[in-house]
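Novice: structural data only, the sequence is not supplied:
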């Protein structure tokens, strides 16, 4: 049973560009959350998708947007990249009960 | 969600029990205590959660004080592979419209020493 799959694993982008990160949730999970983790910090909540709608959002600007597809997979889009967007981006999935999120290994984004 | 306080780092000898404390003095009645750990360069891994009773699973035990203002995660026989950052999180119970977010602090960096 595959866990959470994220792609790509590493990515280098130039300031001002746009990026799309992808996540396939664990089988049986219908809720996908995205987190940003800067070096030396704990993960910070970006937003959560359930039933193809954004249900909750953390303190992130509108440059961060997302989408959830009918098969529950999800994308995180970041526009107008800044150097400060360099981080590990984590996807977490859960079922309706929400007890025990399963995290992917993340996408390491470097903005130069 | 209630705020948690954890020591920034701890050491533990290999084979000994690792006891990781967490203070959550503002926890409310419907908030659970969750523990996750993050091994270097990997995503956080769920360990255990509890409401008010002590819990045990194959990975660890969770001891919650009677007033629920603090808890301790116990790894009974620490190995080198348990070296990681451990996060204590409190979160409200599920309400039905998707799941609630997890609010991570900086956690405790546990170093298991040979």
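Specialist: Received, thanks. Predicted model, so just to flag it, every value in this text is computed and none were measured.
Novice: in the lowest-mean-pLDDT helix or strand in chain A, what's buried?
Specialist: Here the helix or strand of chain A ranked lowest by mean pLDDT, DSSP states H and E is strand A:53-57, holding a mean of 90. By neighbour count on 16 or more other C-beta atoms under 10 Å in any protein chain shown, the buried set for strand A:53-57 is A:55-56. (Each C-beta comes from the backbone N, C-alpha and C, glycine too.)
Novice: that one and chain B, are they touching?
Specialist: Yes. Under the criterion of C-beta under 8 Å from any C-beta of the partner chain, chain B is reached by strand A:53-57 at A:55-56.
Novice: pairing partners for that strand, with directions?
Specialist: Using DSSP bridges, strand A:53-57 pairs in its sheet with strand A:44-50 (antiparallel).
Novice: now the helix or strand following the least confident helix or strand of chain A: mean pLDDT?
Specialist: Using DSSP states H and E, the helix or strand that follows strand A:53-57 in sequence is strand A:64-68. For strand A:64-68, mean pLDDT rounds to 97.
Novice: now the angle from the least confident helix or strand of chain A to strand A:64-68?
Specialist: Using axes from the mean of the first three to the mean of the last three C-alpha atoms, to 10 degrees, the inter-axis angle of strand A:53-57 relative to strand A:64-68 is 140 degrees.
Novice: for strand A:53-57, the distance to its chain's centre please.
Specialist: 13 Å (C-alpha atoms, centre = their mean, to the nearest Å).
Novice: give me the residues contacting it.
Specialist: Outside of strand A:53-57, the residues within contact range by C-beta atoms under 8 Å, 6 or more residues apart in numbering or on different chains are A:31, A:45-49, A:66, A:68, B:97-98, B:100-101.
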